[in-house]
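Enquirer: Sequence and predicted structure below; questions after.
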Amino acid sequence: MEFLVVSPQGLGDSLEATPIVAALKRAIPDASIDVVVTRPGPRLLFSGLPNLVRNVIYLPYWEKGAVAFTLSLIAHCRSRHYDASFLSYPAARGEYHFATRAFGARRRYAHRYDRITITNLLWLHTTLVEVGQYHNILRNLDLVAAAGFPVDRSTTYVVPPSWRIDGPQRRCIAIHPGSIAHGGLEMKRWPEDNFRELAQRLLKDGYEVTLISGPAERDIVSRISAQVPEARVFEGALDEVARFLSTCSATVSNDSGIAHLAAAAGAAVLALHGPTPVEFGPYGKRAVAFRPTLFPPCFDVRRLNVGCALDPNFACLKRDLPVDLVHRRLLDLLQHDAKPIRPNSVMETS
């Protein structure tokens, strides 16, 4: 059988889609599975899983725009005849439904984001699955179950084996102060000064601190680094970042792809959530999606909204996630998730 998995979002959402591929391959070992992506990071991720994925089809929607996306879609959409396609969650944009339909799979599985209308294109699928009140990984596995295949709901992320370094971890805390920035999604970020203060406290606690940088947060990292010169900075290719995170005691991050990457690499993770629900956070026994606010999450994938629904100026991040609380929660995570520490890994201080 031939299957198509469409994973059109960013790194975190694509990591959450890897269990779809694993479940299909487990159910039908000789199945051929292609994956559609729209960003370079997910392209690298799925290209590193040749035992699961036959081809990675890259439609450069976010990198090169709608015209390049459409031309690439036309070039690829009829190259194979698929038995079934699976549009991973979250993917409410009409473009994603249209692209999935263009590949022409006989059965097409997606989530029901809303009631079916002419404009939302949900009618392009043959089977719509209700969005469960649980983590996105489990929501994705619901698509596989709807197709009649068995699923193991204890499944977690799948990453290339070379993206992890097993063994004792260094006494180092990785801090990722950024997130995806397009369309106003920088609203998900904990205040920059809070990350700076947290880094200073962790240094006083005797931990090494490394700031994880990338194109979307170089300016933020540069400013924090200037105020906390003892903190190191790490920037690299996706696989290099994953390997580095796997050696750290823990990662503190916004709700971002890096939080998912750290969890997938086997590290303890504290992800700071405000506008986005915890169901979007990192997954696993060593992952904590921390959202202590009483405000309901206001981000809605159906609306693609980036505003503060109740207009409290993102108090969920700025007021209800003080540095003291985050610091205590991180130390608690480290205490209850202790793993062997590599010797001589504590930074020398005068």
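Expert: Received it, and whenever you're ready, just let me know what you need. Numbering: from 1, shown residues only.

Enquirer: Assign W62 to one of the three secondary structure states.
Expert: helix (DSSP: H, G, I helix; E, B strand; the rest coil).

Enquirer: Please report how far it lies from L11.
Expert: 12 Å (CB to CB, to the nearest Å). The C-beta positions use only the backbone N, C-alpha and C, and glycine is treated the same way.

Enquirer: Likewise for L334?
Expert: 25 Å.

Enquirer: Those two - which one has more neighbours?
Expert: Between L334 and L11, counted using other CB atoms under 10 Å, the more crowded position is L11 (22 against 19).

Enquirer: Not counting residues beside it along the chain, what's closest to the more buried one?
Expert: Nearest non-adjacent residue to L11, counting by CB to CB, 6 or more residues apart in numbering: G257, 3.0 Å away.

Enquirer: Isn't that neighbour up against G10?
Expert: Yes - G257 is within contact range of G10, at 5.4 Å (criterion: CB atoms under 8 Å).

Enquirer: all strands for the stretch 51-200 of the chain, in order.
Expert: 55-58, 84-87, 107-112, 127-130, 170-176 (DSSP state E, counting those that start in this stretch).

Enquirer: Give me the sheet partners of the longest one and which way each runs.
Expert: Read it as strand 170-176. Strand pairing for strand 170-176, determined by DSSP bridges: strand 208-212 (parallel), strand 248-254 (parallel).

Enquirer: in the stretch 201-350 of the chain, which spans are strands?
Expert: 208-212, 232-234, 248-254, 268-272, 287-290.

Enquirer: roughly how far is the helix or strand of the chain with the lowest mean pLDDT from the heart of the chain?
Expert: Every helix and strand of the chain was ranked by mean pLDDT, DSSP states H and E. The lowest is helix 61-64, at a mean of 74. Relative to its chain's centre, helix 61-64 lies at 18 Å (CA atoms, centre = their mean, to the nearest Å).

Enquirer: And stretch 310-325, by the same measure?
Expert: The answer for stretch 310-325 is 22 Å, by CA atoms, centre = their mean.

Enquirer: Equivalent analysis for stretch 195-214, please.
Expert: 22 Å.

Enquirer: So which bits of that stretch are buried?
Expert: Across stretch 195-214, burial judged by 16 or more other CB atoms under 10 Å covers 195-203, 207-214.

Enquirer: Same question for stretch 25-45.
Expert: Neighbour count says stretch 25-45 has 25-27, 31-39, 41-45 buried, by 16+ other CB under 10 Å.
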